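**Student:** Dropping a prediction and its sequence here:
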Amino acid sequence: MNLVEKQLFSEQVYEGKFLSVRKDRVELPDGREASREYISHPGAVAILALTRQGELVLERQYRYPAQREFIEIPAGKIDPGEVPEVTARRELLEETGYRSDNWVYLGTAHPCIGYSDEKISYYLARDLVLSERQLDEGEFLEVLTHPLEAAMDMVLTGEICDSKSIVGLHWLAAYLSGRMRGVPI
C-alpha cells in the first residue's frame with residue numbers, strides 16, 4: 001500500500017529565530033488533496049554524559065512553553081552548517097563545562113512526528129573533564145549529577161519527564177547492557 005503524500009505547494013507562514021511554521025498542500029495516496037501544517041526545526045542533539053565516577057550529568061532549567069522547570073539531559077539545537085557531533089561537543093561544554101574525547105553516537109529519534117520535522121541525534125560522552133561553562137546569553141540552568149540508576153528511577157517517578165531524556169536514558173541503558181551498538185566518533 002502506498003502511503004506517501006506528495007507535496008503540491010509549500011508556504012512559510014511564520015519565520016522565527018530558529019524555527020518556522022509551514023503550511024503545505026499535499027496529494028493523498030487516494031488522489032484527494034489535504035492541508036498539512038508543521039514546524040520546521042533545524043535539528044538538535046542530546047548528550048548522555050557520564051562522569052568518571054559513573055554519574056550522569058543532568059540539567060535543571062525552566063522551559064517557558066510548559067511553564068515549569070525540568071530535569072533533563074544536556075541538549076541543544078544544531079547551528080546552520082554545523083554537523084551534529086560538533087554541536088554535541090559544543091553544547092556539552094557550553095551548558096555543563098564538561099569536555100570529552102570519548103564519544104559514541106547512539107542514534108537519531110524524531111520526537112514530534114505529528115507536527116514537526118525535528119530530529120534529535122543522541123551521543124554518549126565519557127571520561128569527562130571539567131572546564132568552564134560558556135552559557136549562551138539569556139541561558140540559565142543548574143548542572144546536576146546523579147548516579148545512573150537514580151536517574152533511571154527519576155523517569156519512573158516523573159522527575160524526568162521530557163521525551164528526549166527518556167529516549168536517551170533508554171538507549172544509554174541498552175548500550176551499556178550490550179543490547180545496542182553505538183558508533184565511536
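**Tutor:** Happy to help now that I have it.
**Student:** got the residue ranges for the helices in this structure?
**Tutor:** Secondary structure of the chain (DSSP state H): helices at 84-96, 148-157, 163-176.
**Student:** quick one, what contacts the residue lying closest to Ser40 once chain neighbours are set aside?
**Tutor:** Excluding the flanking residues, the one nearest Ser40 by Cβ to Cβ, 6 or more residues apart in numbering is Ser20, at 4.8 Å. Backbone N, C-alpha and C define where each C-beta goes, glycine included. Ser20 is in contact with 12, 14, 39-40, counting by Cβ atoms under 8 Å, 6 or more residues apart in numbering.
**Student:** Which residue ranges make up each domain of the protein?
**Tutor:** Recorded structural domains for the chain (assignment: automatic domain parsing) are 6-40, 44-180.
**Student:** all strands in this protein, in order from the N-terminus.
**Tutor:** 6-15, 20-27, 33-40, 44-49, 55-63, 68-72, 75-77, 98-99, 102-109, 120-126, 129-130, 142-147, 183-184 (DSSP state E).
**Student:** Now mean pLDDT and distance to Val83 too, for these, in TSV please.
**Tutor:** Shown next, in TSV, are the strands of the chain (pLDDT from 0 to 100; distance: least, Cβ to Cβ, whole Å):
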stretch	mean pLDDT	distance to Val83
strand 6-15	97	24
strand 20-27	98	21
strand 33-40	98	19
strand 44-49	98	10
strand 55-63	97	22
strand 68-72	98	23
strand 75-77	96	13
strand 98-99	96	18
strand 102-109	98	11
strand 120-126	98	9
strand 129-130	94	22
strand 142-147	97	25
strand 183-184	92	14
